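[1] 3D, please:
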Amino acid sequence: MRCPSLLIFLPTVSGRPSSVVRRLVIMNKRSSGILLHISSLPSPCGIGDLGPAAYRFVDFLAETRQHLWQILPLNPTDLAHANSPYHSSSAFACHALLISPEILVTEGLLDPEALMETASFPREKVDFPAIVSFKKTVLEKAYRKFKSSHPQGEFLQFCSAQGHWLQDFAFFMALKCHFQGRVWTDWPPEIRDRRPELLEELRQKLLSEIEKHCFQQWLFYKQWFNLKNYCRSKGVRIIGDIPIYLIHDSVDIWIHPHLVKLDREKRPLAVAGVPPDYFSATGQYWGNPVYDWDQLRRTHYAWWVQRAKHNLTLFDFVRIDHFRGFVAYWEIPATEKSAVHGKWVKAPVDEFLQTVLKEIPADAVIAEDLGFITQDVKDVIQRFNLPGMKILLFAFGSDLPTNPYVPHNHIPHCIVYTGTHDNNTIRGWFEHELSPEDRRRLFQYLGHETPAHEIHLALIRLAMMSVANWVVFPIQDLLGLGQEGRMNKPAVTEGNWQWRLQENQITPDLKQKLLEMTEIYGRAR
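    Below you'll find the model as predicted:
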């Protein structure tokens, strides 16, 4: 198995981590990389994970001189929320489904026969219900073996180092199981409202279940930081992703109800979304409770500061999803069923960013500035010198000469993407979404007509040519996949987040083409 010996790396949120300070990739160097979520990696265990295929993917990045690997949020997902990584029960915990059973076998925490069931899993997509059941069984076996025959000093050290979030998360998950999965506002009022004496009584009753969740987080963090260290040894840096909002049924809101706008029963008063836009004629109704910025200000944004620090121990850089929500956000009354009847509400963005960026390096933050972007959002991004995103699939409309996404209008301090996890693939877009007029403009811009089976390389080449210091493209675009390779379709609740890479799709010819483009456009360094 291609992975280093396991090293214990216990991140801390106190002070500025040296792993962040000593970033070798900086925004003023020309670099390129690939967007591929962990769950999309090849693996015999039904879902991509932190095992051998992840290390082989890092080798591929290094061989083709790619210095950036962008992923989606690592936080736990839930079947109830269609397994979206942007709808999680915790802002600090990571997803136990991404733990590698193969590594657990090499560590002696699993017997090899525990993996026999994996032969029945599909390789081309994630069957989430089946994987949730399988991983629950596997992790239960690993926990029992750990308790019976392994030293526990490193585990206890991890629990102590991560105490600012770990015990609350593990207790919350144990309570969710105890109350048959009900939303925390449907728990008995004394538990919902966190009466100390009753909480302690339940905590003692659920100690074993709490420890299991702590154990799973330890396994994930150990595997994650070994992979991150391997990336660093290969000159690859990781771009993580921070969803702006929490779901209501999350440990963070149970512990910190002041974070968001709630009624007396601690149910949302207002929820987030976006108005009608490119992706949806009726907008998007996300359903996440919106922040109570007055209350956040009174705490000096402490929760957000802690969250930002924590993420910059996990990643080298972070993309903040829906950045415009820090300037003004679309607030929808919780009684509404769609996003149409919302309103824009301003947030104290300058004070907020000044507070957070005193604690983390500003050059580690990427602003996701897509959607309905007004001048005040652009002004904030410029004022704080944050790199934004330029999407090539948005570049070829009737305003092409002045379109900010078209390459001749790019600036060095930005990141160019062919598309994101929310877009169709290049080929899917070209074959099913591009209007005849936009296709004509695309060909005029390229200087020639290009067939569907070559259009992905033409647009990747355009991105590589850009003056933008960083270029990132989804692996599906590099492979030239059609719309069957799409990761997510906004406003559609089924069939998302399931796509997986097949190991044989990365061919020697593809590696050579990518390496040549990376070198000729000065991104190999």
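
[2] pLDDT score for L7?
    L7 carries a pLDDT value of 41.

[3] R525 too?
    pLDDT, R525: 82.

[4] what ranges does the stretch 351-500 of the chain have for its helices?
    375-383, 426-432, 436-446, 455-465, 475-479 (DSSP state H, counting those that start in this stretch).

[5] got TSV for those, with mean pLDDT and distance to P196 too?
    (C-beta placed from N, C-alpha, C; glycine too.) Output for the helices of the stretch 351-500 of the chain, formatted as TSV (pLDDT from 0 to 100; distance: least, Cβ to Cβ, whole Å):
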stretch	mean pLDDT	distance to P196
helix 375-383	96	41
helix 426-432	98	54
helix 436-446	98	61
helix 455-465	98	55
helix 475-479	98	49
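
[6] V365 touches N385, doesn't it?
    No - contact between V365 and N385 fails when scored by Cβ atoms under 8 Å: they sit 9.9 Å apart.

[7] neighbour-wise, which of those two wins?
    Neighbours were counted for V365 and for N385 using other Cβ atoms under 10 Å; V365 has more, 23 against 12.

[8] now do the contacts for the more buried one.
    Neighbour list for V365: F317, V318, I320, L357, L386 [criterion: Cβ atoms under 8 Å, 6 or more residues apart in numbering].

[9] likewise A308?
    Counted by Cβ under 8 Å, 6+ apart, A308 has contacts I242, V318, V356, E359, I360.

[10] all strands of the stretch 101-250 of the chain, in order?
    237-242 (DSSP state E, counting those that start in this stretch).

[11] can you pull the pLDDT of D241?
    So D241 comes in at 98 (pLDDT).

[12] quick check: the gap between it and Y405.
    In this view, D241 and Y405 are 20 Å apart by Cβ to Cβ, to the nearest Å.

[13] these two: who's more crowded?
    Taking neighbours as other Cβ under 10 Å, D241 and Y405 compare with D241 leading, 24 against 21.

[14] does that one touch F317 like I think?
    No - counting by Cβ under 8 Å, D241 sits too far from F317 to count as a contact (9.9 Å).

[15] in the stretch 51-200 of the chain, where is pLDDT below threshold?
    Scanning the stretch 51-200 of the chain for pLDDT under 70 picks out no residues.

[16] and the direction of the longest helix seen in the chain versus that of strand 237-242, what angle?
    In the chain, taking DSSP state H as the definition, the longest helix is helix 207-233. Here helix 207-233 points in a direction 140 degrees away from that of strand 237-242 (axes from the mean of the first three to the mean of the last three Cα atoms, to 10 degrees).

[17] helices or strands up against helix 207-233?
    Secondary-structure packing of helix 207-233 (3 or more Cβ pairs under 8 Å, 6 or more residues apart in numbering; DSSP states H and E): helix 52-63, helix 128-149, helix 153-161, helix 166-178, strand 237-242.

[18] how far off centre is the fourth one?
    From the chain centre to the centre of helix 166-178 is a distance of 22 Å (Cα atoms, centre = their mean, to the nearest Å).

[19] and that helix, what's buried?
    L166, D168, F169, A170, F171, F172, M173, A174, L175, K176 (16 or more other Cβ atoms under 10 Å).

[20] same question, the longest one
    Applying a neighbour-count criterion of 16+ other Cβ under 10 Å, the buried positions in helix 128-149 are F128, I131, V132, F134, K135, V138, L139, K141, A142, Y143, K145, F146.

[21] of those residues, closest to T420?
    F128 (21.6 Å; Cβ to Cβ).

[22] count the residues that sit near the closest residue to the closest one other than its chain neighbours.
    Once flanking residues are discounted, F128 sits nearest to N83: 5.0 Å by Cβ to Cβ, 6 or more residues apart in numbering. Counted with other Cβ under 10 Å, residues neighbouring N83 total 22.

[23] same question, the one 4 residues further on
    Number of residues near H87 (other Cβ under 10 Å) recorded here: 23.

[24] next one: G181
    The number of residues near G181, taken as other Cβ under 10 Å, comes to 11.

[25] how close does it get to F169?
    Counting by Cβ to Cβ - G181 and F169 are separated by 16 Å.

[26] try L434
    For L434, the distance to F169 - Cβ to Cβ - is 44 Å.
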